[in-house]
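*Asks:* Sharing a model that was predicted from the sequence below.
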Amino acid sequence: MLHTKIIYKEKEEILISNAEKFIYSSKFGASIYFLGTVRDQNENKTVTGITYDVHDDMVIKSFNEIYNEIDKKLNIKDKAVFVEHIKGYVKLGEISIIIAVACKHRDQAYNLSRYMIEEIKKRSPIWKKEHYQSEKSEWLKGKELKNL
């Protein structure tokens, strides 16, 4: 069971309650919620916010591919995964990504959550422009995308 979505910041927010509703099931004994939020420092610069840009179709495709690998790589068959990523300007402390997972056992849930975020960081075409207290902004250097 998978839910993926790009959230357009100017139109809506990432809501933890949506994730809770999606992954809830009495057949699962463990749930993990990962929230990526904008922090105030990066590389000795005071950050005031981040603008996220994404290639919508390719990001959703990468989320689906990562989900489809879980059975083979982690041997987790029964699972629920909810992934939403923001597009647009995000202020300090606001959520930029949510990954909520539910599995039968806690070790599965921890492994699945970690696998999802690490693979998204490696493989999804998501770009970040940091905005600084000095009123300057810069696009952060990315990594070469893999498996797209």
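*Replies:* On my side now, so go ahead.
*Asks:* So what does the closest residue in space to Tyr115 that isn't next to it in sequence look like in phi/psi?
*Replies:* Spatial nearest neighbour of Tyr115, excluding adjacent residues (CB to CB, 6 or more residues apart in numbering): Leu74 at 6.1 Å. Where you see a C-beta, it was placed from the backbone N, CA and C, and this is true even at glycine. When read as degrees, to the nearest 10, the backbone of Leu74 gives phi -110, psi -10.
*Asks:* How many neighbouring residues does Leu74 have?
*Replies:* Per other CB atoms under 10 Å, the neighbour tally for Leu74 reads 15.
*Asks:* Please list all residues in contact with it.
*Replies:* Gln108, Asn111, Leu112, Tyr115 (CB atoms under 8 Å, 6 or more residues apart in numbering).
*Asks:* Please flag which of the residues you listed sit within helices.
*Replies:* Residues of the contacts of Leu74 located in helices (DSSP state H): Gln108, Asn111, Leu112, Tyr115.
*Asks:* contacting residues for the residue nearest to the first one when sequence neighbours are not counted?
*Replies:* So that's Gln108. Distance criterion CB to CB, 6+ apart; nearest residue to Gln108, sequence neighbours excluded, is Ile76 at 5.0 Å. Contacts for Ile76 (CB under 8 Å, 6+ apart) come out as Ile70, Cys103, Gln108, Asn111, Leu112.
*Asks:* so what's Lys45 bridging to?
*Replies:* Taking DSSP bridges as the rule, Lys45 bridges to Asn42.
*Asks:* ok so, going back, and the residue nearest to Gln108, what are its phi and psi?
*Replies:* Torsion angles, degrees, to the nearest 10, at Ile76: phi -120, psi 110.
*Asks:* ok so, going back, neighbour count, distance to Gln133 and pLDDT added to the contacts of Leu74, as JSON lines?
*Replies:* Formatted as JSON lines, these follow (neighbours: other CB atoms under 10 Å; distance: CB to CB, whole Å; pLDDT from 0 to 100):
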{"residue": "Gln108", "neighbour count": "23", "distance to Gln133": "42", "pLDDT": "95"}
{"residue": "Asn111", "neighbour count": "19", "distance to Gln133": "38", "pLDDT": "96"}
{"residue": "Leu112", "neighbour count": "22", "distance to Gln133": "37", "pLDDT": "96"}
{"residue": "Tyr115", "neighbour count": "19", "distance to Gln133": "35", "pLDDT": "97"}
